[in-house]
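Asker: take this sequence and fold it.
(4 chains)
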Number of protein chains: 4
Amino acid sequence: MRREAPAAEIKTVEQRLHDLGFKTGRLEGTEITLIGVYGDITTLPKGEIEELPGVEQLIPISRAYKRAAQKGAPEKPIYQTVKIGNLVCGGDELAFISGPCSVESETQITEAANLVKEAGADALRGGVVKYRSSPYSGWEGLGASSGEALKKGLQLIVKAARAVGLPTVVEILDQADVPLYEDTGVDCLQIGEPNSKNQALLNRLRDTKLPVIHKRGNSLDTEAYLLWVERMMSSGKENVILCERGIASSNRYTRNTLDVGSIAAFRYQLSGLPIAVDSSHATGIRDLVHPATLAGIMAGASVVLVEAHPNPLIAKSDGHQGLFREQLKALVAASRAAWTLRRQLDGGYLPTAALEKAYFERMPDDRKRFFDKS
Amino acid sequence: MRREAPAAEIKTVEQRLHDLGFKTGRLEGTEITLIGVYGDITTLPKGEIEELPGVEQLIPISRAYKRAAQKGAPEKPIYQTVKIGNLVCGGDELAFISGPCSVESETQITEAANLVKEAGADALRGGVVKYRSSPYSGWEGLGASSGEALKKGLQLIVKAARAVGLPTVVEILDQADVPLYEDTGVDCLQIGEPNSKNQALLNRLRDTKLPVIHKRGNSLDTEAYLLWVERMMSSGKENVILCERGIASSNRYTRNTLDVGSIAAFRYQLSGLPIAVDSSHATGIRDLVHPATLAGIMAGASVVLVEAHPNPLIAKSDGHQGLFREQLKALVAASRAAWTLRRQLDGGYLPTAALEKAYFERMPDDRKRFFDKS
Amino acid sequence: MRREAPAAEIKTVEQRLHDLGFKTGRLEGTEITLIGVYGDITTLPKGEIEELPGVEQLIPISRAYKRAAQKGAPEKPIYQTVKIGNLVCGGDELAFISGPCSVESETQITEAANLVKEAGADALRGGVVKYRSSPYSGWEGLGASSGEALKKGLQLIVKAARAVGLPTVVEILDQADVPLYEDTGVDCLQIGEPNSKNQALLNRLRDTKLPVIHKRGNSLDTEAYLLWVERMMSSGKENVILCERGIASSNRYTRNTLDVGSIAAFRYQLSGLPIAVDSSHATGIRDLVHPATLAGIMAGASVVLVEAHPNPLIAKSDGHQGLFREQLKALVAASRAAWTLRRQLDGGYLPTAALEKAYFERMPDDRKRFFDKS
Amino acid sequence: MRREAPAAEIKTVEQRLHDLGFKTGRLEGTEITLIGVYGDITTLPKGEIEELPGVEQLIPISRAYKRAAQKGAPEKPIYQTVKIGNLVCGGDELAFISGPCSVESETQITEAANLVKEAGADALRGGVVKYRSSPYSGWEGLGASSGEALKKGLQLIVKAARAVGLPTVVEILDQADVPLYEDTGVDCLQIGEPNSKNQALLNRLRDTKLPVIHKRGNSLDTEAYLLWVERMMSSGKENVILCERGIASSNRYTRNTLDVGSIAAFRYQLSGLPIAVDSSHATGIRDLVHPATLAGIMAGASVVLVEAHPNPLIAKSDGHQGLFREQLKALVAASRAAWTLRRQLDGGYLPTAALEKAYFERMPDDRKRFFDKS
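Answerer: I've put the predicted structure just below:
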């Protein structure tokens, strides 16, 4: 409530809340009064309450992304796995997904599939319809022209991946295309950054059985992003993978700013979902993909998404961030070594919740020892 | 080219460019060599060229958003108008568009239409399907449940607006709904901020005859936004209105940061399209909508978009930023006064291009006078 | 308190707060418990309390920048004036301050003073020691080399300004130089953006009688900035002027992003101090200074700070954003016209606090009318 | 040059550059003309040139931070070490620096020194004068009140550290205090984030023999930061350590956004200086310090800076991000394991420069194979 709110206003707010079926409590201070609202506040008409005379602000306490949220205690987090074909993400092993930015031809995607397999990765990615920041780029993917072209493009990547025994991850841009992706045997859908807040698309994906990698919008706060993820999950869908791919900041050097703090927050505080790190888009610079990926794994990622191409020098899109064959091989090996180390170090990770009780009890003694003689 | 690039590499880059049909020029420095590429660089395979050995970077010079771009000289800019029904945007008069965040019932939108009309505004806005940051908000608009509900909702706002002689602006979220909007008589489509980079939706809107207000994504740079606007225009569509509604920054107090510098850049440097300012979303604070709107007009906006509601205290969405009747009336009047002043002041606006020649000629004298005795 | 906090922990937190001399209240919900703390929370050992077992977070309610804060009610704001020499800032007239980025020679600053005077501005600005983003720029101001040089430079600008009857505003970089500025007759000190959080400098300025224009750091939130301003004021200093000069965002086109929403918030919600708008640094583009300045005035600024130079083409620093003589003259006239209009429009500005009671009383009726039949 | 620049203007620009002693070259396109400037462009009067009629923009090519820059080729980078007392930073071993946010009493800093030593860290940090975002926090460090208090505080930390054989790192806020820090035996100075662009302080530190850890300002771009670092180094100082401590973004959850992409860029592309990662300030959340530190090491950091306290629950400042004893011990061990792994993996890191020649030669074949049949 506002500082100057008279008793009548406070009473009215409480009455209105009772009318709406909520229980309330009251905290009266010398300057302001707080009114607590109990129960399921997702049904609270926030706009209305905030407008009642004397109301200063509404402060939400419980997390609104119930399904995407971590369900265990800090000392005993509970993690969930998501399967892409037979590949388990978020489990005991690192899931490494790689491939070209876009499917360019049958030969190209076939060689790419071989390259990804030989490098030791676990799944093949590749776009059949592509985002382009300019409408004049001249290339929006093999499948951009028609439904038939899209179908053919999807078949190419599925065929190439199956030939080497890998599942596929393909980006989807249009909700109308979901059945086509399902029917051609794509194993996982990807929501790109530009569609991270595309409500119509997310609503549609509630109903697919395919797992979805949902990339974080580059201006979404850590928890605001989880609310958009929650949209797909709100009707019961569970097989969703988080993906940090860099956020906007005032930084200019890298294409985006890889937010490892949020990866760590997802893993160690907020969520039980598997987390992917996409350093290709986060840095936009080929030679930084390697160290940034390792950083993402140490921060908490269990899935890696990187672009690689049989010859990135002739890639039709994003070639400057696509890895060369030798680089991919080195990165898969390095990533698995980093994963093994993190899994081992996680055993020694000590959340505050496991320690603070003891320090709390020592506080009077410590305070006396530190400050009474100073 | 890189500092250490040998002559052979330079030669190769030039050869490749010639093969691709481009003419080139060469600038050789003590440290680096620049190669200029002439012609229509939108067809340049940038990825490939950047990857050629020795190439340091590609620096684009000409603007890639040809249709959205300002076509006149700095001293003689050319501005284009866009009609929403009979309302001319970007012309001699300010276009003031207002209405509730969402259409909530027939009575509510009818009263809203009256309120908007009586306040002196020129068009009615209102959403029938709404974005919500949480899937549990309990309200996604009258039209969220089905195509039939959407149709009914659209009819409500069109009817209410026509009764008072106003055209309508309604947000669209799903490309599949375009015919429904067209058929029910909506006068202008709006692309919301979350869909600013929704490629499938933008591609679809190339084909509608309705004007489109395209809100700027909150992490899009000034010119990157114009490239997304260009997407709709690239096949010939012309009736598009720019809209600045606040960008993301490290600021916390306001919901977003209203970027008047970009409004000024659109108006005085980059584009000939009409520019709308949406201070409701830019500030998210009812009491800041008034001054921020006036700021937007002085910076160069010719269209105003603000939320108002017959009783924002009971609005189902965004009530905290909806204006009260009295506030809307005051803002319409203030906005028209600001517009009149800016139109008048624009006569005295002096772009650098109109002056620098004279100062250039004075440079030797000025330099001598200022610095030779100091 | 945390969701799972046992009664003993809650008790302990309350006990600790009582020990510290605070009164508390308690709000018990089905999921969490809130403990209210009453009294002067600036003395609260926040770190300690946040660490007590079971404590989820501390939510501050009262504003911590008491002296910089607005002291009136929303309907009756109280504004304070600050004098620079005889120039009253924040009063009935707009204060227009202009001059070159740096004092370059006696002739240059003399001509600049004349130019500023003739354009109709009210004070002369000019740096004698300059920030430079590169140490190799070759120019850090006339006064950069020694105390003697600084003194001489300060004397030059003071002399030039006094000759035309204008007061002076000069940036200070080093706390050791305060006496020199005071003794040479400078009328107002300026803290540049890079020093916005320079604690040693701000502490030192508590003791000067000169007014200070304190530029906002480009990553400081609206209210965090007011806390840094409060630092100077905390011992009783009152003559401080706020200055918005653009903040960092992901925008690239302009040098910074002019935050008119914060200007409006300072003016209409948060503070009674005069507010300056500096569009030269906010945009970094000469041709945008004019519209951006007008936007700042309409948002709430009562002081204008812009760079101008007798011939910006030969300015030693920041010439690309310095106005030409003709542009300055046009901008002074336009700014005064905008100021007059805003003063007049402010009479019709209606804060929510003046209206919401009536709408609150209409809520039951409005709700019935809008929603009972829908 | 601008699109419409006439030949006379181009000629004039070239003439002016020749007058200034620069050689030029010219690239003429169908739309624009480029003029190349050769030689040491740090002496180029950029403002003037940009103002010449017809000039569109100046595009710098060579790096302006010569001393802070990486001096080797991409395949053979050259790294420099910096000594803090006997601790070598940037060499074969990870340097782990820890300690409390501030020195609070003799007992506290003595116990902190023991704790840091026992955890296996290499240096003791602790502030004697502290930044505080609010002037009313009631605690600005033991040394805030006077020069005598500062001296005594510095002596406390130096004594405590020497007793356990550790060197010390202490933040400095005021250039006037440099001799005091030097004389009391502090081993390394730290420039805090708020002073990252404090020109007077940086200029003063050119002359100290002590090593300096220069924290990156939270709104400084990767390379803009290196230019501020270069300021200290421009007169020959070499013992400087970079420090990434989080940048501002639209993210809200963590206190700042740890920019591992820039750490990677410093290490693998831009600089030869040692890089510190400070996850305490970057995340502001105790439980994220551990994973974020490991991420920083994998990205390229060779120095770790984290806050720890004998009992953070009673710390006078920043206790919420200070590690508990057990957490510090776990993090030192984990960090050394991560360091060992990264050193080993660095052997397999393949920069593009080592590979692109081979792929360049394959381009015609690859293009034919991929695209001729598609």
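Asker: which residues in the stretch 1-150 of chain A form strands?
Answerer: Per DSSP state E, counting those that start in this stretch, the stretch 1-150 of chain A carries strands over the ranges A:23-28, A:33-38, A:82-84, A:87-89, A:95-99, A:123-125.
Asker: any idea which helix is longest in chain A?
Answerer: The longest helix of chain A (DSSP state H) is helix A:325-346.
Asker: whichever residue of the stretch 51-200 of chain A sits closest to chain D and A:Ser317, how far apart?
Answerer: Using CB to the nearest CB, A:Ser105 is the residue of the stretch 51-200 of chain A that sits closest to chain D, at 3.3 Å. Where C-beta positions appear, they are placed from N, C-alpha and C, glycine not excepted. When distance is defined by CB to CB, to the nearest Å, A:Ser105 is 14 Å away from A:Ser317.
Asker: of those two, who's got more company?
Answerer: A:Ser317 (24 against 17; other CB atoms under 10 Å in any protein chain shown).
Asker: so what's that one closest to, chain neighbours aside?
Answerer: Spatially, and ignoring its direct neighbours in sequence, A:Ser317 is nearest to A:Cys101 (4.7 Å; CB to CB, 6 or more residues apart in numbering or on different chains).
Asker: that neighbour touches A:His309, doesn't it?
Answerer: Yes - applying CB atoms under 8 Å, one finds A:Cys101 in contact with A:His309, separated by 7.3 Å.
Asker: touching both of the two, which residues are there?
Answerer: Both A:Cys101 and A:His309 are in contact with A:Ala315, A:Gly319, A:Gly322, where contact means CB atoms under 8 Å, 6 or more residues apart in numbering or on different chains.
Asker: who wins for most neighbours among those?
Answerer: Among the shared contacts of A:Cys101 and A:His309, the one with the most neighbours (other CB under 10 Å) is A:Gly322, at 28 neighbours.
Asker: for it, what are its contacts?
Answerer: A:Pro100, A:Cys101, A:Ser280, A:Arg286, A:Glu307, A:Ala308, A:His309, A:Pro312, A:Ala315.
Asker: same list, those residues, but as a markdown table with secondary structure and distance to B:Phe266 please.
Answerer: What follows is those, written out as a markdown table (DSSP: H, G, I helix; E, B strand; the rest coil; distance: CB to CB, whole Å):
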| residue | secondary structure | distance to B:Phe266 |
| --- | --- | --- |
| A:Pro100 | coil | 36 |
| A:Cys101 | coil | 31 |
| A:Ser280 | helix | 32 |
| A:Arg286 | helix | 34 |
| A:Glu307 | strand | 34 |
| A:Ala308 | strand | 39 |
| A:His309 | coil | 37 |
| A:Pro312 | helix | 36 |
| A:Ala315 | coil | 34 |
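Asker: ok, of the residues you listed, which one's closest to chain B?
Answerer: Lowest distance from chain B to the contacts of A:Gly322 (CB to the nearest CB) belongs to A:Ala315, with 5.1 Å.
Asker: how much space between A:Ile49 and chain C?
Answerer: Distance, A:Ile49 to chain C, using CB to the nearest CB, to the nearest Å: 11 Å.
Asker: my guess is that residue meets A:Arg16, correct?
Answerer: Yes - taking contacts as CB under 8 Å, A:Ile49 lies within contact range of A:Arg16: 7.0 Å.
Asker: gap between A:Val332 and A:Ser279?
Answerer: 13 Å.
Asker: which SS state does the residue nearest the centre of chain A fall under?
Answerer: Residue closest to the mean C-alpha point of chain A, counted by CA atoms, centre = their mean, is A:Leu242 at 2.6 Å. For A:Leu242, the secondary structure call by DSSP: H, G, I helix; E, B strand; the rest coil comes out as strand.
Asker: so what's the residue lying closest to it once chain neighbours are set aside scoring on pLDDT?
Answerer: Computed as CB to CB, 6+ apart, the closest residue to A:Leu242 that is not its neighbour in sequence is A:Ile275, at 4.6 Å. On pLDDT, A:Ile275 comes in at 98.
Asker: mind checking how far A:Ile275 is from A:Cys89?
Answerer: Note on A:Ile275: its distance to A:Cys89, by CB to CB, is 9 Å.
Asker: which residues are common contacts for these two?
Answerer: Contact criterion CB under 8 Å, 6+ apart; residues shared by A:Ile275 and A:Cys89: A:Ile241, A:Ser302, A:Val303.
Asker: need those residues in JSON lines (columns: distance to C:Thr293, neighbour count and pLDDT).
Answerer: Formatted as JSON lines, the shared contacts of A:Ile275 and A:Cys89 follow (distance: CB to CB, whole Å; neighbours: other CB atoms under 10 Å in any protein chain shown; pLDDT from 0 to 100):
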{"residue": "A:Ile241", "distance to C:Thr293": "49", "neighbour count": "26", "pLDDT": "98"}
{"residue": "A:Ser302", "distance to C:Thr293": "52", "neighbour count": "28", "pLDDT": "98"}
{"residue": "A:Val303", "distance to C:Thr293": "50", "neighbour count": "27", "pLDDT": "98"}
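Asker: quick check, nearest of those residues to chain B?
Answerer: Nearest to chain B among the shared contacts of A:Ile275 and A:Cys89 is A:Ile241, at 18.1 Å by CB to the nearest CB.
Asker: closest to B:Pro135 out of the shared contacts of A:Ile275 and A:Cys89?
Answerer: Using CB to CB, the shortest approach to B:Pro135 within these belongs to A:Ile241, at 18.1 Å.
Asker: please enumerate the helices of the stretch 201-350 of chain A.
Answerer: Counting by DSSP state H, counting those that start in this stretch, one finds helices in the stretch 201-350 of chain A at the ranges A:222-233, A:260-265, A:279-283, A:286-299, A:325-346.
Asker: out of the ones you listed, which is closest to chain B?
Answerer: Between chain B and those, the tightest spacing by CB to the nearest CB is seen for helix A:222-233, at 4.2 Å.
Asker: returning to what we had before: average pLDDT for the longest helix of chain A?
Answerer: The model assigns helix A:325-346 a mean pLDDT of 98.
Asker: C-terminal to that helix, what's the next element?
Answerer: helix A:356-371 (DSSP states H and E).
Asker: could you give the mean pLDDT of that next one?
Answerer: Helix A:356-371 shows an average pLDDT of 92 in the prediction.
Asker: so which bits of that helix are buried?
Answerer: Buried residues in helix A:356-371, counted by 16 or more other CB atoms under 10 Å in any protein chain shown: A:Glu356, A:Tyr359, A:Phe360, A:Met363, A:Asp366, A:Arg369, A:Phe370.
Asker: how about stretch A:188-207?
Answerer: Within stretch A:188-207, judged by 16+ other CB under 10 Å, the buried ones are A:188-205.
Asker: that one vs chain B: in contact?
Answerer: Yes - Stretch A:188-207 reaches chain B (CB under 8 Å from any CB of the partner chain) through A:Pro194, A:Asn195, A:Lys197, A:Asn198, A:Gln199, A:Ala200.
Asker: ok, the fifth one touching B:Tyr131?
Answerer: Yes - in terms of CB under 8 Å, A:Gln199 counts as a neighbour of B:Tyr131; the distance is 5.5 Å.
Asker: identify the residues contacting the residue of the stretch 51-200 of chain A found nearest chain C.
Answerer: Residue of the stretch 51-200 of chain A nearest chain C, by CB to the nearest CB: A:Pro53 (5.0 Å). Listed by CB under 8 Å, 6+ apart, the contact set of A:Pro53 reads A:Ala5, A:Glu9, A:Thr12, C:Glu356, C:Lys357, C:Phe360.
Asker: quick one: low-confidence ranges for chain A?
Answerer: Residues of chain A meeting the criterion pLDDT under 70: A:1-5, A:21-34, A:36-43, A:45-47, A:56-62, A:373-374.
Asker: neighbours of the nearest residue to A:Leu331 once chain neighbours are set aside, how many?
Answerer: Closest residue in space to A:Leu331, ignoring its immediate chain neighbours: A:His290 at 5.2 Å, by CB to CB, 6+ apart. Residues lying near A:His290 (other CB under 10 Å) number 29.
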